[in-house]
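J.: model the structure of this input:
(one chain, ligands or ions: 1)
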Amino acid sequence: MAILPIVRAGHPVLREKARRVRTIDSSIHKLIEDMWETMYDAPGVGLAAPQIGVGLRVVVIDVGDDNPFALVNPEIVKRSGERVLDEGCLSVPGFRGQITRSVKVLAKGIDPATGKEVRIKAEDNLLAEALEHEIDHVNGILYIDYLESPDALVSLSDAPEVRR
Ligand code: ZN
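T.: Numbers count the residues shown, from 1 in each chain. Sure thing, here's the model as predicted:
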């Protein structure tokens, strides 16, 4: 396993539609191990393969509910509702911003451990946000794309002044 550098906004791999994984072979298992190690080191609650420079549809998520999982070829099946969230991204370090996400999310993908399709449901929690955020990454979308204006992006180092 290896901790890999996380690429930042501006890198073209973050803007490409990542390729579907055709076969879950040892290289995919190794990629997922590296993604776990890189995510926990950051630390973050999710990571998509493009964030370590790999243009494949693979994500890992651990929102601290004792159910960390990797998904290959993940997709949002259904989403509904709207809620405003304060979001950040390991590829946009040092900033947070308010955006609108869904309340209910149903996602599907292949569980790399079994090779079978799984569906994951989440409602009004960090998991729902992480599913949308990470699946956006494999579609070349960053949360900053949803900001209403550049002013909506807050530098964490400026935060104390903003709060004053
Ligand atoms: Zn991100």
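J.: check which helices and strands the host helix or strand of residue 109 sits against.
T.: Using DSSP states H and E, residue 109 sits within strand 104-111. When contacts are defined as 3 or more C-beta pairs under 8 Å, 6 or more residues apart in numbering; DSSP states H and E, strand 104-111 sits against strand 69-80, strand 116-123, helix 126-138. Where you see a C-beta, it was placed from the backbone N, CA and C, and this is true even at glycine.
J.: who does residue 98 bridge with?
T.: residue 86 (DSSP bridges).
J.: circling back to that earlier point, CA atoms only for the strand holding residue 109, dumped as CSV, please.
T.: The C-alpha coordinates for strand 104-111 follow below in CSV (Å, rounded to 0.1, in the frame of the first residue of the first chain):
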residue,chain,number,x,y,z
LYS,A,104,-32.3,11.4,-0.2
VAL,A,105,-29.7,9.6,-2.3
LEU,A,106,-29.8,6.1,-3.8
ALA,A,107,-26.6,4.9,-5.4
LYS,A,108,-25.4,1.7,-6.9
GLY,A,109,-22.1,0.2,-7.9
ILE,A,110,-20.0,-3.0,-7.8
ASP,A,111,-18.7,-4.1,-4.5
